[in-house]
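Chemist: After the sequence you'll find the predicted model.
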Amino acid sequence: MDRREFIRTAGLGAASLLLAGCTGAVKTSASKTAADRPNIIFIMADDMGYGDLGCYNKESKIPTPNMDKLAAEGIRFTDAHSPSAVCTPTRYGVLTGRYCWRSRLTRGVLGGYSPFLIDTERITISSLLKQHGYATACFGKWHLGLGGNKKTDYTKPLVPGPNSLGFDYFFGIPASLDMSPYCYIENDRPVEQPTLPIAAGKASEDGWWRQGLVAPGFKHVEVLPKLTRKAIQYIDEHAEKSPGKPFFMYFPLPAPHCPIAPADFVKGRSKAGGYGDFVVEVDWTVGEVVKALRRNGLTRNTLIMVSSDNGSPGRTKVKRDPYSIVEIYGHNPSGKLRGIKADIWDGGHREPFIARWPAEITPGSTSDEIICLTDLLATCAAVVGADLPDNAGEDSFNILPALLGRKLDKPIREAIVHHSGSGMFSIRQGNWKLILGRGSGGFSTPKNIKPKPGEPKGQLYNLKDDFAESENLWAEHPQVVENLTKLLEKYKQQGHSRPLSKTIPLRVINSRDWDCKLLF
Ligand SMILES: [Ca+2]
(Lines give C-alpha, C1' and ligand atoms only; values in the text may rest on other atoms or scores of the structure.)
Protein backbone atom coordinates (compact mmCIF):
# COMPACT_ATOMS: atom_id res chain seq x y z
CA MET A 1 0.00 0.00 0.00
CA ASP A 2 1.56 3.31 -0.97
CA ARG A 3 1.36 6.45 1.16
CA ARG A 4 -1.51 8.03 -0.72
CA GLU A 5 -3.54 4.86 -0.63
CA PHE A 6 -2.84 4.54 3.09
CA ILE A 7 -4.12 8.01 3.84
CA ARG A 8 -7.25 7.42 1.79
CA THR A 9 -7.84 4.21 3.71
CA ALA A 10 -7.30 5.96 7.05
CA GLY A 11 -9.78 8.66 6.09
CA LEU A 12 -12.34 6.23 4.76
CA GLY A 13 -11.81 3.89 7.68
CA ALA A 14 -12.70 6.67 10.04
CA ALA A 15 -15.66 7.62 7.90
CA SER A 16 -17.03 4.09 7.93
CA LEU A 17 -16.66 4.00 11.70
CA LEU A 18 -18.68 7.18 11.85
CA LEU A 19 -21.46 5.46 10.01
CA ALA A 20 -21.23 2.59 12.47
CA GLY A 21 -21.88 4.98 15.30
CA CYS A 22 -18.31 4.99 16.61
CA THR A 23 -17.83 8.66 15.96
CA GLY A 24 -14.27 9.77 16.38
CA ALA A 25 -12.72 6.42 17.18
CA VAL A 26 -9.35 6.04 15.54
CA LYS A 27 -8.90 2.53 14.33
CA THR A 28 -6.57 1.80 11.51
CA SER A 29 -4.54 -1.32 11.09
CA ALA A 30 -2.41 -0.41 8.12
CA SER A 31 1.24 0.15 8.80
CA LYS A 32 3.36 2.77 7.19
CA THR A 33 7.00 3.68 7.34
CA ALA A 34 8.05 6.89 9.03
CA ALA A 35 9.64 8.18 5.84
CA ASP A 36 6.26 8.18 4.06
CA ARG A 37 4.43 10.10 6.73
CA PRO A 38 3.70 13.79 6.24
CA ASN A 39 5.40 16.51 8.19
CA ILE A 40 2.82 18.21 10.39
CA ILE A 41 2.94 21.90 11.34
CA PHE A 42 0.36 23.64 13.51
CA ILE A 43 0.66 27.42 13.69
CA MET A 44 -1.66 28.90 16.30
CA ALA A 45 -1.99 32.67 16.54
CA ASP A 46 -2.79 34.26 19.89
CA ASP A 47 -6.04 36.25 19.98
CA MET A 48 -6.49 36.51 16.21
CA GLY A 49 -10.14 36.89 15.27
CA TYR A 50 -12.45 35.18 12.78
CA GLY A 51 -12.83 38.47 10.93
CA ASP A 52 -9.16 39.42 10.69
CA LEU A 53 -8.30 37.35 7.62
CA GLY A 54 -9.29 38.45 4.14
CA CYS A 55 -10.37 34.90 3.25
CA TYR A 56 -12.89 34.98 6.13
CA ASN A 57 -14.01 38.58 5.93
CA LYS A 58 -14.22 40.59 2.72
CA GLU A 59 -14.47 43.74 4.85
CA SER A 60 -11.23 43.09 6.76
CA LYS A 61 -8.92 46.11 6.86
CA ILE A 62 -5.88 43.86 7.24
CA PRO A 63 -4.00 42.37 4.29
CA THR A 64 -3.32 38.67 4.95
CA PRO A 65 -2.03 37.42 1.58
CA ASN A 66 -0.06 34.48 2.92
CA MET A 67 -2.93 32.98 4.92
CA ASP A 68 -5.35 33.71 2.08
CA LYS A 69 -3.05 31.89 -0.35
CA LEU A 70 -2.71 28.95 2.03
CA ALA A 71 -6.51 28.69 2.12
CA ALA A 72 -6.66 28.87 -1.68
CA GLU A 73 -4.16 26.02 -1.88
CA GLY A 74 -5.90 23.93 0.79
CA ILE A 75 -9.10 23.83 2.80
CA ARG A 76 -10.81 26.51 4.91
CA PHE A 77 -13.18 25.57 7.72
CA THR A 78 -16.02 27.98 8.49
CA ASP A 79 -17.19 26.42 11.78
CA ALA A 80 -13.98 25.58 13.65
CA HIS A 81 -13.73 26.32 17.38
CA SER A 82 -11.15 26.58 20.08
CA PRO A 83 -12.16 24.54 23.13
CA SER A 84 -11.95 27.67 25.28
CA ALA A 85 -12.27 31.42 24.77
CA VAL A 86 -8.91 32.06 26.50
CA CYS A 87 -5.28 30.99 26.13
CA THR A 88 -4.17 28.24 28.53
CA PRO A 89 -7.17 25.93 28.30
CA THR A 90 -7.06 25.96 24.51
CA ARG A 91 -3.36 25.00 24.59
CA TYR A 92 -4.19 22.17 26.99
CA GLY A 93 -6.93 20.97 24.64
CA VAL A 94 -4.75 21.17 21.52
CA LEU A 95 -1.97 19.01 22.96
CA THR A 96 -4.09 16.51 24.91
CA GLY A 97 -7.36 16.31 22.95
CA ARG A 98 -9.22 16.83 26.22
CA TYR A 99 -11.27 19.76 27.44
CA CYS A 100 -9.24 21.68 30.00
CA TRP A 101 -12.17 22.12 32.40
CA ARG A 102 -11.68 18.43 33.18
CA SER A 103 -8.22 19.31 34.57
CA ARG A 104 -7.41 21.23 37.74
CA LEU A 105 -7.69 24.49 35.77
CA THR A 106 -11.46 24.90 35.67
CA ARG A 107 -11.51 28.53 34.51
CA GLY A 108 -9.17 31.41 33.63
CA VAL A 109 -5.54 30.91 32.62
CA LEU A 110 -2.16 30.25 34.18
CA GLY A 111 0.38 32.96 35.01
CA GLY A 112 4.12 33.18 34.25
CA TYR A 113 5.03 31.44 37.51
CA SER A 114 2.37 28.68 37.50
CA PRO A 115 3.39 25.05 37.74
CA PHE A 116 3.10 22.60 34.88
CA LEU A 117 -0.51 21.75 34.04
CA ILE A 118 -0.51 18.61 31.91
CA ASP A 119 -0.11 15.16 33.46
CA THR A 120 3.16 13.90 31.95
CA GLU A 121 1.71 10.37 31.73
CA ARG A 122 -0.91 11.67 29.32
CA ILE A 123 -0.60 11.03 25.56
CA THR A 124 -0.14 14.30 23.69
CA ILE A 125 0.23 15.06 19.99
CA SER A 126 3.97 15.45 20.52
CA SER A 127 4.48 12.20 22.46
CA LEU A 128 2.26 10.27 20.05
CA LEU A 129 4.06 11.51 16.95
CA LYS A 130 7.49 11.04 18.55
CA GLN A 131 6.50 7.46 19.28
CA HIS A 132 5.69 7.08 15.60
CA GLY A 133 9.06 8.21 14.33
CA TYR A 134 8.65 11.99 14.20
CA ALA A 135 11.13 14.63 15.23
CA THR A 136 9.15 17.03 17.40
CA ALA A 137 9.67 20.71 18.19
CA CYS A 138 7.75 23.57 19.74
CA PHE A 139 8.47 27.24 19.15
CA GLY A 140 6.57 30.05 20.81
CA LYS A 141 4.29 30.89 23.68
CA TRP A 142 4.06 27.94 26.06
CA HIS A 143 1.59 29.11 28.74
CA LEU A 144 0.99 25.66 30.19
CA GLY A 145 3.07 26.12 33.33
CA LEU A 146 6.68 25.17 34.00
CA GLY A 147 8.21 23.06 36.75
CA GLY A 148 6.63 21.21 39.62
CA ASN A 149 6.77 23.86 42.32
CA LYS A 150 3.89 26.00 43.48
CA LYS A 151 5.78 29.01 42.11
CA THR A 152 8.15 28.41 39.19
CA ASP A 153 11.82 28.87 40.09
CA TYR A 154 13.59 29.98 36.91
CA THR A 155 17.03 29.35 38.42
CA LYS A 156 16.27 25.59 38.53
CA PRO A 157 15.68 23.22 35.58
CA LEU A 158 12.12 23.80 34.34
CA VAL A 159 10.99 20.21 34.72
CA PRO A 160 8.35 19.13 33.95
CA GLY A 161 8.23 21.27 30.84
CA PRO A 162 7.69 20.91 27.09
CA ASN A 163 10.34 18.19 26.84
CA SER A 164 8.29 16.13 29.31
CA LEU A 165 5.49 15.86 26.73
CA GLY A 166 7.56 14.42 23.90
CA PHE A 167 8.99 17.59 22.39
CA ASP A 168 12.61 16.95 21.38
CA TYR A 169 13.22 20.68 21.30
CA PHE A 170 11.55 23.80 22.68
CA PHE A 171 12.37 27.45 22.21
CA GLY A 172 9.94 30.08 23.37
CA ILE A 173 8.55 32.23 26.13
CA PRO A 174 6.90 31.07 29.37
CA ALA A 175 3.42 32.59 28.95
CA SER A 176 1.66 35.53 27.30
CA LEU A 177 3.84 38.40 26.12
CA ASP A 178 2.24 40.62 28.76
CA MET A 179 3.11 38.25 31.63
CA SER A 180 6.32 38.32 33.65
CA PRO A 181 8.93 36.88 33.55
CA TYR A 182 10.04 38.16 30.16
CA CYS A 183 12.73 35.77 28.90
CA TYR A 184 13.43 33.09 26.33
CA ILE A 185 13.41 29.47 27.38
CA GLU A 186 15.42 26.83 25.51
CA ASN A 187 14.33 23.32 26.49
CA ASP A 188 14.39 23.32 30.30
CA ARG A 189 16.11 26.59 31.14
CA PRO A 190 16.14 30.32 30.42
CA VAL A 191 18.60 31.48 27.77
CA GLU A 192 19.23 34.47 30.07
CA GLN A 193 17.85 34.67 33.60
CA PRO A 194 15.08 37.25 34.10
CA THR A 195 16.85 39.34 36.71
CA LEU A 196 16.00 42.98 35.95
CA PRO A 197 12.85 44.69 37.21
CA ILE A 198 10.60 46.09 34.51
CA ALA A 199 7.68 48.44 35.03
CA ALA A 200 4.31 47.88 33.42
CA GLY A 201 4.87 49.25 30.00
CA LYS A 202 4.16 49.87 26.38
CA ALA A 203 5.78 48.43 23.31
CA SER A 204 3.93 50.90 21.13
CA GLU A 205 0.99 53.23 21.45
CA ASP A 206 -1.25 50.17 21.59
CA GLY A 207 0.89 48.06 23.87
CA TRP A 208 0.79 47.04 27.48
CA TRP A 209 2.46 44.46 29.73
CA ARG A 210 2.54 43.64 33.42
CA GLN A 211 5.38 44.73 35.66
CA GLY A 212 7.84 42.05 36.74
CA LEU A 213 11.25 40.71 35.77
CA VAL A 214 12.98 40.74 32.40
CA ALA A 215 16.12 39.13 31.00
CA PRO A 216 18.75 41.76 30.07
CA GLY A 217 18.55 41.29 26.30
CA PHE A 218 14.79 40.75 26.01
CA LYS A 219 12.76 43.13 23.84
CA HIS A 220 9.03 42.52 23.40
CA VAL A 221 9.00 43.83 19.85
CA GLU A 222 11.68 41.33 18.77
CA VAL A 223 9.90 38.20 19.99
CA LEU A 224 7.78 37.22 16.96
CA PRO A 225 10.59 37.80 14.40
CA LYS A 226 13.01 35.83 16.58
CA LEU A 227 10.62 32.90 17.04
CA THR A 228 9.99 32.91 13.29
CA ARG A 229 13.72 32.79 12.53
CA LYS A 230 14.13 29.90 14.97
CA ALA A 231 11.25 27.96 13.43
CA ILE A 232 12.41 28.29 9.84
CA GLN A 233 16.00 27.55 10.87
CA TYR A 234 14.66 24.30 12.36
CA ILE A 235 12.97 23.40 9.06
CA ASP A 236 16.13 24.17 7.07
CA GLU A 237 18.39 22.17 9.39
CA HIS A 238 16.00 19.26 9.70
CA ALA A 239 15.68 19.01 5.92
CA GLU A 240 19.46 18.92 5.59
CA LYS A 241 20.31 16.60 8.46
CA SER A 242 17.32 14.23 8.68
CA PRO A 243 15.66 14.18 5.25
CA GLY A 244 14.06 10.77 5.82
CA LYS A 245 12.46 11.60 9.15
CA PRO A 246 9.11 13.41 9.35
CA PHE A 247 8.77 16.26 11.80
CA PHE A 248 6.00 17.78 13.87
CA MET A 249 6.18 21.48 14.69
CA TYR A 250 3.81 23.12 17.15
CA PHE A 251 4.20 26.88 16.67
CA PRO A 252 2.00 28.86 19.07
CA LEU A 253 2.66 32.51 18.25
CA PRO A 254 2.61 35.30 20.88
CA ALA A 255 0.68 37.60 18.52
CA PRO A 256 -1.52 39.55 17.97
CA HIS A 257 -2.04 39.34 21.78
CA CYS A 258 -1.03 42.44 23.69
CA PRO A 259 1.41 44.10 23.99
CA ILE A 260 0.60 45.12 20.46
CA ALA A 261 4.20 45.18 19.32
CA PRO A 262 4.48 45.07 15.53
CA ALA A 263 7.97 45.16 14.07
CA ASP A 264 9.01 48.21 12.06
CA PHE A 265 8.77 46.35 8.74
CA VAL A 266 4.98 45.90 9.09
CA LYS A 267 4.07 49.27 10.58
CA GLY A 268 1.42 51.00 8.53
CA ARG A 269 0.75 47.94 6.38
CA SER A 270 -2.84 47.54 7.60
CA LYS A 271 -5.70 49.99 7.89
CA ALA A 272 -6.50 48.77 11.40
CA GLY A 273 -3.79 50.44 13.48
CA GLY A 274 -1.11 48.67 15.49
CA TYR A 275 -3.34 45.65 16.05
CA GLY A 276 -3.87 45.26 12.32
CA ASP A 277 -0.14 45.63 11.69
CA PHE A 278 0.55 42.91 14.25
CA VAL A 279 -1.83 40.59 12.38
CA VAL A 280 0.14 41.46 9.23
CA GLU A 281 3.24 40.26 11.08
CA VAL A 282 1.46 36.99 11.95
CA ASP A 283 0.71 36.62 8.25
CA TRP A 284 4.38 37.30 7.46
CA THR A 285 5.37 34.49 9.86
CA VAL A 286 3.05 32.07 8.09
CA GLY A 287 4.60 33.15 4.78
CA GLU A 288 8.14 32.55 6.07
CA VAL A 289 7.23 29.00 7.15
CA VAL A 290 5.64 28.32 3.77
CA LYS A 291 8.77 29.63 2.04
CA ALA A 292 11.00 27.41 4.17
CA LEU A 293 8.95 24.36 3.17
CA ARG A 294 9.19 25.31 -0.49
CA ARG A 295 12.93 25.89 -0.60
CA ASN A 296 13.49 22.51 1.06
CA GLY A 297 11.15 20.62 -1.27
CA LEU A 298 8.78 19.77 1.59
CA THR A 299 5.60 21.47 0.40
CA ARG A 300 3.81 18.50 -1.09
CA ASN A 301 3.92 16.14 1.86
CA THR A 302 3.53 18.61 4.70
CA LEU A 303 0.19 19.11 6.44
CA ILE A 304 0.30 22.71 7.61
CA MET A 305 -2.59 24.04 9.68
CA VAL A 306 -3.20 27.61 10.85
CA SER A 307 -5.71 28.73 13.48
CA SER A 308 -6.03 30.87 16.60
CA ASP A 309 -6.31 29.99 20.30
CA ASN A 310 -9.38 32.19 20.93
CA GLY A 311 -11.18 35.19 19.51
CA SER A 312 -9.75 38.67 19.35
CA PRO A 313 -10.28 41.22 22.11
CA GLY A 314 -9.83 43.91 19.45
CA ARG A 315 -7.43 45.74 21.67
CA THR A 316 -6.23 49.08 20.53
CA LYS A 317 -5.31 52.37 22.12
CA VAL A 318 -6.91 51.50 25.43
CA LYS A 319 -6.01 48.14 26.92
CA ARG A 320 -9.45 46.79 27.67
CA ASP A 321 -11.64 48.84 25.43
CA PRO A 322 -12.52 45.99 23.15
CA TYR A 323 -14.71 47.73 20.66
CA SER A 324 -12.54 50.77 20.05
CA ILE A 325 -10.96 49.16 16.99
CA VAL A 326 -14.38 48.97 15.35
CA GLU A 327 -15.09 52.62 16.10
CA ILE A 328 -11.69 53.96 15.10
CA TYR A 329 -10.81 51.83 12.09
CA GLY A 330 -14.08 50.27 10.98
CA HIS A 331 -12.48 46.86 11.34
CA ASN A 332 -14.22 44.15 13.36
CA PRO A 333 -11.81 41.33 14.34
CA SER A 334 -14.84 39.13 15.08
CA GLY A 335 -16.38 39.77 11.66
CA LYS A 336 -20.14 39.32 11.98
CA LEU A 337 -19.91 37.11 15.05
CA ARG A 338 -21.19 38.28 18.40
CA GLY A 339 -18.66 38.91 21.14
CA ILE A 340 -14.90 38.92 21.57
CA LYS A 341 -12.14 36.98 23.30
CA ALA A 342 -13.16 35.31 26.59
CA ASP A 343 -16.88 35.41 25.68
CA ILE A 344 -19.14 32.38 25.38
CA TRP A 345 -20.59 33.82 22.16
CA ASP A 346 -18.93 32.67 18.94
CA GLY A 347 -16.68 35.74 18.77
CA GLY A 348 -14.88 34.19 21.73
CA HIS A 349 -14.08 30.84 20.18
CA ARG A 350 -15.03 30.42 16.50
CA GLU A 351 -11.67 30.50 14.74
CA PRO A 352 -10.14 30.65 11.32
CA PHE A 353 -8.87 27.15 10.50
CA ILE A 354 -6.88 26.56 7.34
CA ALA A 355 -5.13 23.35 6.33
CA ARG A 356 -2.92 22.73 3.29
CA TRP A 357 -1.50 19.38 2.28
CA PRO A 358 -1.00 19.35 -1.47
CA ALA A 359 -0.53 15.58 -1.60
CA GLU A 360 -3.99 14.94 -0.16
CA ILE A 361 -6.20 18.02 0.25
CA THR A 362 -8.13 19.46 -2.67
CA PRO A 363 -7.04 23.08 -3.26
CA GLY A 364 -9.60 25.82 -2.74
CA SER A 365 -12.02 23.68 -0.76
CA THR A 366 -14.14 24.75 2.19
CA SER A 367 -15.87 22.78 4.92
CA ASP A 368 -18.78 23.67 7.20
CA GLU A 369 -18.08 20.70 9.47
CA ILE A 370 -18.13 21.66 13.16
CA ILE A 371 -14.65 20.91 14.47
CA CYS A 372 -12.67 21.71 17.61
CA LEU A 373 -8.94 22.22 18.11
CA THR A 374 -9.06 19.27 20.53
CA ASP A 375 -9.57 17.16 17.40
CA LEU A 376 -5.96 17.49 16.28
CA LEU A 377 -4.79 14.59 18.47
CA ALA A 378 -7.19 12.00 17.03
CA THR A 379 -6.56 13.40 13.56
CA CYS A 380 -2.78 13.10 13.88
CA ALA A 381 -3.29 9.58 15.24
CA ALA A 382 -5.31 8.74 12.13
CA VAL A 383 -2.64 10.23 9.87
CA VAL A 384 0.00 7.87 11.29
CA GLY A 385 -2.37 4.93 11.68
CA ALA A 386 -2.25 4.88 15.48
CA ASP A 387 -4.90 3.73 17.94
CA LEU A 388 -5.83 6.13 20.70
CA PRO A 389 -6.33 4.37 24.02
CA ASP A 390 -9.37 5.23 26.11
CA ASN A 391 -7.36 7.35 28.55
CA ALA A 392 -6.23 9.77 25.82
CA GLY A 393 -7.96 12.39 23.72
CA GLU A 394 -11.26 12.06 25.57
CA ASP A 395 -12.71 14.98 23.59
CA SER A 396 -10.86 14.40 20.33
CA PHE A 397 -12.52 13.36 17.08
CA ASN A 398 -10.76 12.37 13.88
CA ILE A 399 -11.46 15.11 11.33
CA LEU A 400 -9.29 13.58 8.61
CA PRO A 401 -12.37 12.65 6.54
CA ALA A 402 -13.39 16.32 6.52
CA LEU A 403 -9.86 17.48 5.70
CA LEU A 404 -9.82 15.10 2.74
CA GLY A 405 -13.19 16.36 1.54
CA ARG A 406 -15.13 13.15 2.18
CA LYS A 407 -18.91 13.38 2.03
CA LEU A 408 -20.20 12.26 5.40
CA ASP A 409 -23.69 11.05 6.22
CA LYS A 410 -23.62 12.58 9.68
CA PRO A 411 -21.52 15.09 11.59
CA ILE A 412 -18.14 13.93 12.88
CA ARG A 413 -18.96 15.32 16.33
CA GLU A 414 -22.16 14.47 18.18
CA ALA A 415 -21.81 17.91 19.80
CA ILE A 416 -19.17 20.42 20.86
CA VAL A 417 -18.68 22.07 24.25
CA HIS A 418 -17.68 25.74 24.47
CA HIS A 419 -16.20 27.36 27.56
CA SER A 420 -15.75 31.05 28.41
CA GLY A 421 -12.93 32.76 30.29
CA SER A 422 -14.88 32.84 33.53
CA GLY A 423 -16.04 29.25 33.14
CA MET A 424 -19.49 29.64 31.56
CA PHE A 425 -20.50 26.54 29.58
CA SER A 426 -22.20 26.17 26.24
CA ILE A 427 -23.02 23.15 24.13
CA ARG A 428 -23.68 23.17 20.40
CA GLN A 429 -25.38 20.46 18.39
CA GLY A 430 -26.10 21.17 14.75
CA ASN A 431 -27.61 24.64 14.59
CA TRP A 432 -28.69 24.74 18.23
CA LYS A 433 -26.41 26.46 20.71
CA LEU A 434 -27.28 26.36 24.39
CA ILE A 435 -25.52 28.64 26.88
CA LEU A 436 -25.86 27.88 30.57
CA GLY A 437 -25.94 31.45 31.78
CA ARG A 438 -26.89 34.95 30.79
CA GLY A 439 -24.43 37.52 29.49
CA SER A 440 -21.06 36.99 27.84
CA GLY A 441 -19.23 35.01 30.54
CA GLY A 442 -16.15 36.91 29.37
CA PHE A 443 -15.02 40.45 28.48
CA SER A 444 -18.15 41.88 26.84
CA THR A 445 -20.77 43.51 28.99
CA PRO A 446 -23.03 42.38 30.48
CA LYS A 447 -20.76 39.61 31.73
CA ASN A 448 -23.43 37.89 33.74
CA ILE A 449 -27.10 38.59 34.38
CA LYS A 450 -28.96 37.16 37.29
CA PRO A 451 -32.34 36.14 35.86
CA LYS A 452 -35.43 37.50 37.51
CA PRO A 453 -38.19 35.04 38.44
CA GLY A 454 -39.75 33.67 35.27
CA GLU A 455 -36.91 34.78 33.03
CA PRO A 456 -34.75 32.32 31.07
CA LYS A 457 -31.82 30.99 33.05
CA GLY A 458 -29.69 30.79 29.98
CA GLN A 459 -29.52 31.41 26.25
CA LEU A 460 -30.58 29.32 23.27
CA TYR A 461 -29.81 30.33 19.70
CA ASN A 462 -30.47 28.79 16.32
CA LEU A 463 -27.31 29.70 14.43
CA LYS A 464 -28.82 28.79 11.07
CA ASP A 465 -31.23 31.71 11.22
CA ASP A 466 -29.40 33.78 13.79
CA PHE A 467 -25.67 33.79 13.12
CA ALA A 468 -25.18 36.78 15.43
CA GLU A 469 -26.86 35.13 18.46
CA SER A 470 -29.36 37.94 18.87
CA GLU A 471 -32.67 36.17 19.61
CA ASN A 472 -32.84 34.06 22.76
CA LEU A 473 -35.16 31.10 22.10
CA TRP A 474 -34.77 29.50 25.54
CA ALA A 475 -38.40 29.98 26.52
CA GLU A 476 -39.78 28.81 23.14
CA HIS A 477 -37.93 25.49 22.98
CA PRO A 478 -37.89 23.84 26.41
CA GLN A 479 -37.30 20.37 24.94
CA VAL A 480 -34.13 21.51 23.16
CA VAL A 481 -32.97 23.17 26.37
CA GLU A 482 -33.59 19.99 28.33
CA ASN A 483 -31.92 17.66 25.81
CA LEU A 484 -28.78 19.75 25.42
CA THR A 485 -28.51 20.36 29.16
CA LYS A 486 -28.63 16.60 29.72
CA LEU A 487 -26.06 15.92 27.02
CA LEU A 488 -23.63 18.44 28.51
CA GLU A 489 -24.15 16.97 31.96
CA LYS A 490 -23.45 13.50 30.57
CA TYR A 491 -20.19 14.68 28.97
CA LYS A 492 -19.14 16.22 32.28
CA GLN A 493 -20.02 13.22 34.40
CA GLN A 494 -18.61 10.48 32.21
CA GLY A 495 -15.26 12.21 31.68
CA HIS A 496 -15.28 12.11 27.88
CA SER A 497 -17.36 13.18 24.90
CA ARG A 498 -15.98 10.83 22.27
CA PRO A 499 -17.08 7.22 22.36
CA LEU A 500 -14.62 4.94 24.14
CA SER A 501 -14.16 1.23 23.79
CA LYS A 502 -14.89 0.78 27.49
CA THR A 503 -15.79 2.90 30.48
CA ILE A 504 -12.80 4.31 32.31
CA PRO A 505 -12.81 5.19 36.00
CA LEU A 506 -13.01 8.92 36.55
CA ARG A 507 -10.04 10.61 38.11
CA VAL A 508 -10.97 13.50 40.36
CA ILE A 509 -8.48 16.33 40.48
CA ASN A 510 -9.12 19.07 42.97
CA SER A 511 -8.75 22.67 41.89
CA ARG A 512 -6.07 24.66 43.61
CA ASP A 513 -6.46 28.37 44.08
CA TRP A 514 -2.92 29.19 43.11
CA ASP A 515 -3.28 28.09 39.52
CA CYS A 516 -6.83 29.21 38.87
CA LYS A 517 -6.23 32.93 38.82
CA LEU A 518 -8.49 34.78 36.48
CA LEU A 519 -5.78 36.14 34.23
CA PHE A 520 -6.22 36.71 30.54
CA1 LIG B 1 -5.07 33.88 23.40
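Modeler: Thanks, I have the structure now. Keep in mind it's a predicted model, so treat the numbers as computed, not measured.
Chemist: Can you get me a residue count around the residue in the stretch 1-150 of the chain that the ion sits nearest to?
Modeler: Residue of the stretch 1-150 of the chain nearest the ion, by CB to the ion: Cys87 (3.8 Å). C-betas here are computed from N, CA, C, even on glycine. By other CB atoms under 10 Å, 30 other residues sit near Cys87.
Chemist: how much space is there between Arg428 and Glu186?
Modeler: Noted for Arg428: a distance of 40 Å to Glu186, by CB to CB, to the nearest Å.
Chemist: what about the two, which has more around it?
Modeler: Neighbour tally, Arg428 and Glu186, criterion other CB under 10 Å: the higher count belongs to Arg428, 22 against 12.
Chemist: List the beta-bridge partners for the more buried one.
Modeler: Ile416, Lys433 (DSSP bridges).
Chemist: Model confidence score at Gly166, please.
Modeler: pLDDT recorded at Gly166 is 98.
Chemist: what about it, neighbour count?
Modeler: Using other CB under 10 Å: Gly166 sits among 21 other residues.
Chemist: Over to Leu224?
Modeler: Using other CB under 10 Å, Leu224 has 26 other residues around it.
Chemist: For it, pull up the helix or strand it's in.
Modeler: Secondary structure from DSSP states H and E places Leu224 in helix 223-241.
Chemist: And that helix, what does it pack against?
Modeler: strand 135-141, strand 169-173, strand 247-252, helix 273-295 (3 or more CB pairs under 8 Å, 6 or more residues apart in numbering; DSSP states H and E).
Chemist: at 6 Å what do you get?
Modeler: Judged by 3 or more CB pairs under 6 Å, 6 or more residues apart in numbering; DSSP states H and E, the packing partners of helix 223-241 are strand 135-141, helix 273-295.
Chemist: name the element the residue in the stretch 101-250 of the chain that the ion sits nearest to belongs to?
Modeler: For the stretch 101-250 of the chain, the residue closest to the ion is Ser176, as judged by CB to the ion, at 7.2 Å. Ser176 belongs to no helix or strand when elements are defined using DSSP H and E.
Chemist: For the closest residue to it other than its chain neighbours, the count of nearby residues, please.
Modeler: Using CB to CB, 6 or more residues apart in numbering and skipping the chain neighbours, the partner closest in space to Ser176 is His257 (5.7 Å). Using other CB under 10 Å, His257 is surrounded by 27 other residues.
Chemist: Helix, strand or coil: sort out the closest residue to Asp309 other than its chain neighbours for me.
Modeler: Excluding its sequence neighbours, the residue lying closest to Asp309 (CB to CB, 6+ apart) is Thr90, at 4.3 Å. Put simply, Thr90 is helix when judged by DSSP: H, G, I helix; E, B strand; the rest coil.
Chemist: Pull up the gap between Thr90 and Ile232, please.
Modeler: 24 Å.
Chemist: Low-confidence ranges, the stretch 101-250 of the chain, go.
Modeler: For the stretch 101-250 of the chain, applying pLDDT under 70 flags the ranges 202-207.
Chemist: 80 instead?
Modeler: 201-207 (pLDDT under 80).
Chemist: quick one: Thr362 and Arg406 touch, right?
Modeler: No: counting by CB atoms under 6 Å, Thr362 does not reach Arg406; the two are 10.8 Å apart.
Chemist: Which of those two has more residues huddled nearby?
Modeler: Neighbour count, other CB under 10 Å: between Thr362 and Arg406, Arg406 has more, with 17 against 12.
Chemist: Relative to Lys61, how far out is that one?
Modeler: Distance from Arg406 to Lys61, by CB to CB: 36 Å.
Chemist: Give me the phi and psi for His81.
Modeler: Backbone torsions of His81, given as degrees, to the nearest 10, read phi -140, psi 140.
Chemist: Kindly apply the preceding question to Glu351 instead.
Modeler: phi -120, psi 150.
Chemist: do Ile75 as well
Modeler: Phi and psi for Ile75, reported as degrees, to the nearest 10, are phi -130, psi 140.
Chemist: tell me the pLDDT at the nearest residue to it once chain neighbours are set aside?
Modeler: Take Ile75 and drop its neighbours on the chain: the residue closest to it by CB to CB, 6+ apart is Ser365, 4.5 Å away. Predicted confidence (pLDDT) for Ser365: 98.
Chemist: re earlier: the residue nearest to Asp309 touches Ser84, doesn't it?
Modeler: Yes: using CB under 6 Å, Thr90 is in contact with Ser84, at 4.8 Å.
Chemist: quick revisit: what's the helix holding Leu224 in contact with?
Modeler: With CB atoms under 6 Å, 6 or more residues apart in numbering as the test, helix 223-241 has contacts from 137, 139-140, 171, 247, 251, 254-255, 263, 281, 285, 288, 292, 296.
Chemist: Check those residues and tell me the two furthest apart.
Modeler: The most widely separated members of those are Phe247 and Ala263, with 26.6 Å between them, by CB to CB.
Chemist: returning to that earlier point: isn't the residue of the stretch 1-150 of the chain closest to the ion up against Trp142?
Modeler: No: assessed by CB under 6 Å, Cys87 is found out of contact with Trp142, at 10.4 Å.
Chemist: Please say which of Thr90 and Ile232 ends up with more neighbours.
Modeler: Set Thr90 next to Ile232 and count neighbours by other CB under 10 Å: Thr90 wins out with 30 against 20.
Chemist: got a pLDDT number for that one?
Modeler: 98.
Chemist: Strands of the stretch 301-450 of the chain, start to end?
Modeler: 302-308, 350-356, 365-367, 371-372, 416-419, 425-429, 432-435 (DSSP state E, counting those that start in this stretch).
Chemist: Export the ones you listed to TSV and append columns for distance to the ion.
Modeler: Below are these laid out as TSV (distance: least, CB to the ion, whole Å):
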stretch	distance to the ion
strand 302-308	7
strand 350-356	11
strand 365-367	24
strand 371-372	16
strand 416-419	14
strand 425-429	18
strand 432-435	21
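Chemist: Would you reformat those strands as JSON lines and include distance to Tyr154?
Modeler: JSON lines is the format used below for these (distance: least, CB to CB, whole Å):
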{"stretch": "strand 302-308", "distance to Tyr154": "28"}
{"stretch": "strand 350-356", "distance to Tyr154": "32"}
{"stretch": "strand 365-367", "distance to Tyr154": "43"}
{"stretch": "strand 371-372", "distance to Tyr154": "33"}
{"stretch": "strand 416-419", "distance to Tyr154": "30"}
{"stretch": "strand 425-429", "distance to Tyr154": "35"}
{"stretch": "strand 432-435", "distance to Tyr154": "40"}
